[in-house]
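Peer 1: need the 3D shape of this:
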Amino acid sequence: MVRKDARPAPKQPKPSPQPPPESSHFRFGYNPAGPTEQRDIVSSKDGWSEYTLNDGSVIRAKAVIIDVKCATDQYSADGNPLYIVQTDVVNSVNAPAELKKKST
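Peer 2: Got it, this is the predicted structure:
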């Protein structure tokens with residue numbers, strides 16, 4: 001039962017958003033915004049990985065490097081220069097005839 005003389009509670013101001021605590025930030029181990037130097041690819045080996053599935057299909061996949069940059073004056077824990085590599089994955093499927101769509 002609602003009392004006739006009851007007033008609604010006063011509205012509370014919305015708290016302003018706060019940044020997440022520092023510990024929740026992902027640490028890259030390098031400065032992703034730091035300067036970089038372009039590297040050109042002068043040779044490559046073309047290698048496919050093949051995976052045979054239990055239905056007889058064979059999936060072939062390979063990584064293709066699109067772009068490479070070297071992070072200026074930044075090194076891995078073992079002293080190697082840090083490279084920022086942009087890649088794409090190319091794949092193909094060869095399925096058994098019984099799994100393929102029947103042509104009409």
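Peer 1: shaky segments in the protein?
Peer 2: Filtered on pLDDT under 70, the chain yields the residue ranges 1-9, 18-28.
Peer 1: mind listing the strands for it?
Peer 2: Taking DSSP state E to define them, one finds strands in the chain at 36-39, 49-52, 58-75, 81-94.
Peer 1: and these as TSV, adding distance to Ser16 and mean neighbour count?
Peer 2: Any C-beta I mention is one placed from the backbone N, CA and C, and that applies to glycine too. Output for the strands of the chain, formatted as TSV (distance: least, C-beta to C-beta, whole Å; neighbours: other C-beta atoms under 10 Å):
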stretch	distance to Ser16	mean neighbour count
strand 36-39	36	12
strand 49-52	50	10
strand 58-75	36	13
strand 81-94	36	12
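Peer 1: a markdown table for those strands, including distance to Gln12?
Peer 2: Conversion of those to a markdown table gives the following (distance: least, C-beta to C-beta, whole Å):
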| stretch | distance to Gln12 |
| --- | --- |
| strand 36-39 | 48 |
| strand 49-52 | 57 |
| strand 58-75 | 48 |
| strand 81-94 | 47 |
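Peer 1: and of these, who's closest to Lys102?
Peer 2: Between Lys102 and the strands of the chain, the shortest gap by C-beta to C-beta is with strand 81-94, which sits at 17.0 Å.
Peer 1: strand partners (parallel or antiparallel) of the closest one?
Peer 2: strand 58-75 (antiparallel) (DSSP bridges).
Peer 1: how far is the partner strand from where the chain is centred?
Peer 2: Centroid separation between strand 58-75 and its chain, computed with C-alpha atoms, centre = their mean, to the nearest Å, is 13 Å.
Peer 1: ok, residues contacting that strand?
Peer 2: By C-beta atoms under 8 Å, 6 or more residues apart in numbering, the residues outside strand 58-75 that reach it are 30-31, 34-41, 44, 46-53, 81-94.
Peer 1: sorry, back to before: nearest to Pro10 among the strands of the chain would be which one?
Peer 2: strand 81-94 (53.6 Å).
Peer 1: what residues does the residue lying closest to Gly56 once chain neighbours are set aside make contact with?
Peer 2: Using C-beta to C-beta, 6 or more residues apart in numbering and skipping the chain neighbours, the partner closest in space to Gly56 is Pro96 (4.2 Å). Neighbouring residues of Pro96 by C-beta under 8 Å, 6+ apart: 55-57.
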